[in-house]
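# sequence first, predicted model second:
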Amino acid sequence: MTTTRRHFARLAGSIPALSLATGMGAASAQTARTLNVGIVSDPVTLDPAMMASFFEILVQYNIHEPLLHLTPDLKIEPGLAAVEIVDPVTYRFTLKQGLTFHDGTTIDAAAAKANFDRMLDPATGSPRRGELGPIDAVEVTAPLTFVVRFKAPYAPFLQVLANRAGMMVSPAALGSLGADFATKAVGAGPFKVASWTKNAELVLERFAGYWRSGLPSIDRVVFRPIADETVRLANLRSGTLQLVDGVPPQSVAQLGREANIAVKQQPGLGFNAFSFNTTRGAFADARVRRAFVLTMDPDVIQRVVYFNTGAPAYGPIPPSIGWAHDPAFKPNRLDRDGARKLLAEAGHNAPVPVTITVTNSPLQVRIAEVLQSQANQAGFKVDIKQIDATSLITVLRQRDFDLCMSPWSGRSDPDGNMFNYFTKTGPNNFAGWQSDTVTDLLTRARSVVDQAERAKLYRAAETAIAADMPMLFVHFDATIQASTGRLDWTQYADGALRLQFARLG
Amino acid sequence: MMMDPRTAIGAAIVAVVACAALGAPWLAPHDPNLPDFAAALAPPGASHWFGADDLGRDTFSRIVHGARASLMVGFLSVAGALVLGTSLGLIAGYFGGLADAAIMRVMDVLFAFPGILLALGITAALGPSLSNAILAIAVVNLPIFARLARSQALVIRSLDYVEARRALGFGPLSILVSTVLPNAMGPIVVQASLLFASAIITESYLSFLGLGVQPPTPTWGNMLRGAIGFLDMSAWLAWFPGIAIFATVLGFNLLGDGLRDRLDPRA
């Protein structure tokens, strides 16, 4: 009897360990307020200074805390620090008292300066360096106070600090972890990294020292990358996942009818667009680009591909950035005769052969097929070329395309949607478009502080872009996510999850 | 000669698929590539027998046109692998020595890769297209024919009738073509009919992954790919190409089994 009981006890004790070892951790996942989140793809790095992938957006705010916080309606609030604008080129930050990073080291002005210095050091190779703008110096003025001085006014600065560039990491951990920091990041966010098995699960645990006292209420968050949208949704329905990102537009209506599942959607910050190659081939001629745009019926894509989620796009500024978006701005509509006329002007008498390059994402292939059928009716002969998702960035950078998808996740400031794409040396100027006018407008818009004045400059830039069409704007995608009905959470336009505010009922 | 009922079923299915492929332009009630956005996701009915896909294209028309891609890929890739693989295998088996060692080591290298992985690698390297898919599947099947032909040649070369031809003064090339080849063909034809089925499946994999025939040209594989986002609401989009692949592969396998019973001396 004793032996049996002891044997049983040992057996029972081994069950959680066993289920963890098999990878799903199903037994432990259901205990103690664990939230399982289905994401499309793993993050590449957990170091905010080096993040450059869309897929890190879902994870980043849970591990890291920015100096400033962006509200759901895109307002800036204090985060780790409060900010005071001393003059257009001087910002004074005051950090909250008694805060620590996940490793217990103090968050003070010296640590903040170390973070800025690291991002600004060209040797780091951080994408944040460009985002931070023309910073002259970061000076520590008191243990918890520092000042950032600019060489010229830089309007997007506070929005930038509410994103990756404002995320403070532990300088001590940077030193001790070295290259491992990318996988074991130590920040100041609501959760700390417990373990990360690439392409299987990223496990976060509640950080007791988080600055918003009492939060988070969830103990563990497990991010599971599941590329297939059907599989993600199946796991949500079965209860294996409680929250999923990347709900396809066609599933919104069906999910909405299901009990125990809540779908949330709102206008996103980015755009789905295609870059024309303005450096070679037929699309080097602006008339051919404009002709192609005129063959497209934005409403068909809105209805057939997007099932009336989101909104048709005519430029890079989405409706969610209300102060800069112009709802009346619709420079193009379906005009097949106009397209044929432009092609004739450009000297094309036979159908113009062009190739649309997309990844094998079903949604993008669908868009390419709609564009193909529409353009073929008005003077083009379109081929579709599918590439794998990992080659996309290479194809774009080498300009090995005629027209290639180049969607953007978006930023809360129009600068983040335009400067990199439309200035002459912008890193996302895949079109190879050289416009002095637009480069000048976008550079000026960075240094003007008055929002109404900035809006005018962005609209002028948008009009100049539409006149020459380096990109084909297709759609402002909605951010669509779904959860179990017992999860209370707030959705943000950028699609990022800020799970410190989430509650599991 | 009575046909085994299973073979007859196989032959009938293959005949139906072949007729669909050859007669596609006349059988298809709609242009398979022309979207009709008003009919998007229409369920099976009078105007669209198998329903319409997400862009409003007629599924029945796409299925019969898809048969062309499947059969063309199956036929050309298997025929290519058969001609080249059999030639290499016969040479290796008949002559032996250095030729045998050189040819068969190359075949061993090809064999070392799992078929689908090799096909993926080739199409990824050469770029996705119908011709590259055919080439990739042919390369995957090449060593199968080479090994089979070699083993046949090894047996046949020492048989009395070959010795007799040699004694009569015929050259090796003449003996290979006129004596060894015809006697080796039985198992090779059986193998070809079975590989035809697997070539159709491999083409579906490649098209499913976007590495085969490019849109809007329909293949059963890319139709399945397009259907996965709509399994909840319009499951028939996946049924029909799935059934087409299943039935065709079943047909070729039944036919291949029947041929084996008749032609393969070991069976």
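Structure's in. What do you need?
# could I get the pLDDT score of the residue lying closest to residue B:6 once chain neighbours are set aside?
Nearest residue to residue B:6, sequence neighbours excluded (Cβ to Cβ, 6 or more residues apart in numbering or on different chains): residue B:254, at 5.0 Å. C-beta: built from backbone N, CA, C; applies to glycine. Note for residue B:254: predicted pLDDT of 93.
# mind listing what residue B:254 touches?
The contact partners of residue B:254, by Cβ atoms under 8 Å, 6 or more residues apart in numbering or on different chains, come to B:6-7, B:9-11, B:13.
# which of those residues sits closest to chain A?
residue B:13 (29.7 Å; Cβ to the nearest Cβ).
# so what touches stretch A:192-202?
Contacts for stretch A:192-202 (Cβ under 8 Å, 6+ apart): A:23, A:25, A:42-43, A:46, A:59, A:63, A:102, A:183-186, A:203-205, A:207, A:220, A:222-225.
# filter these down to the ones in helices?
A:59, A:63, A:183-184 (DSSP state H).
# any idea which of the residues you listed is the one closest to residue A:331?
Among the ones in helices among the contacts of stretch A:192-202, residue A:59 lies closest to residue A:331 (Cβ to Cβ), at 37.1 Å.
# which residues does the closest residue to the closest one other than its chain neighbours contact?
Distance criterion Cβ to Cβ, 6+ apart; nearest residue to residue A:59, sequence neighbours excluded, is residue A:43 at 5.0 Å. Applying Cβ under 8 Å, 6+ apart to residue A:43 gives the contacts A:51, A:53, A:55-56, A:58-60, A:202.
# where exactly do the strands run in the stretch 201-350 of chain A?
Listed in chain order, the strands of the stretch 201-350 of chain A (DSSP state E, counting those that start in this stretch) span residues A:201-206, A:220-225, A:243-244, A:261-267, A:272-276, A:311-312.
# any chance of those in CSV, plus distance to residue A:422?
What follows is the strands of the stretch 201-350 of chain A, written out as CSV (distance: least, Cβ to Cβ, whole Å):
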stretch, distance to residue A:422
strand A:201-206, 35
strand A:220-225, 32
strand A:243-244, 34
strand A:261-267, 21
strand A:272-276, 11
strand A:311-312, 20
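# closest to residue A:157 out of these?
That would be strand A:261-267 among those, by Cβ to Cβ, at 24.3 Å.
# that closest one packs against which elements?
Helices and strands touching strand A:261-267, by 3 or more Cβ pairs under 8 Å, 6 or more residues apart in numbering or on different chains; DSSP states H and E, are helix A:252-256, strand A:478-484.
# in the first one, what's buried?
Neighbour-count burial for helix A:252-256, counted by 16 or more other Cβ atoms under 10 Å in any protein chain shown, picks out A:252, A:255.
# what residues does that helix touch?
Applying Cβ under 8 Å, 6+ apart, the external contacts of helix A:252-256 come out as A:233, A:247, A:261, A:263, A:265, A:307, A:309, A:480, A:482, B:232-233.
# so what's the residue in the stretch 351-500 of chain A that chain B sits nearest to up against?
Nearest residue of the stretch 351-500 of chain A to chain B, counting by Cβ to the nearest Cβ: residue A:360, 3.2 Å away. Neighbouring residues of residue A:360 by Cβ under 8 Å, 6+ apart: A:386-389, B:209-210, B:225.
# that older thread, dump the contacts of helix A:252-256 to a markdown table, plus distance to residue B:68 and pLDDT.
Below are the contacts of helix A:252-256 laid out as a markdown table (distance: Cβ to Cβ, whole Å; pLDDT from 0 to 100):
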| residue | distance to residue B:68 | pLDDT |
| --- | --- | --- |
| A:233 | 34 | 92 |
| A:247 | 36 | 93 |
| A:261 | 42 | 94 |
| A:263 | 41 | 95 |
| A:265 | 41 | 93 |
| A:307 | 32 | 93 |
| A:309 | 36 | 94 |
| A:480 | 38 | 94 |
| A:482 | 40 | 96 |
| B:232 | 30 | 79 |
| B:233 | 29 | 82 |
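# select from the residues you listed the one having the most neighbours.
When those are compared by neighbour count (other Cβ atoms under 10 Å in any protein chain shown), residue A:482 ends up highest, at 27 neighbours.
# quick one: contacts for it?
A:233, A:236, A:243-244, A:247, A:255, A:261-264.
# mind redoing it with 10 Å?
A:38, A:232-233, A:236-237, A:241-247, A:251-252, A:255-256, A:258, A:261-265 (Cβ atoms under 10 Å, 6 or more residues apart in numbering or on different chains).
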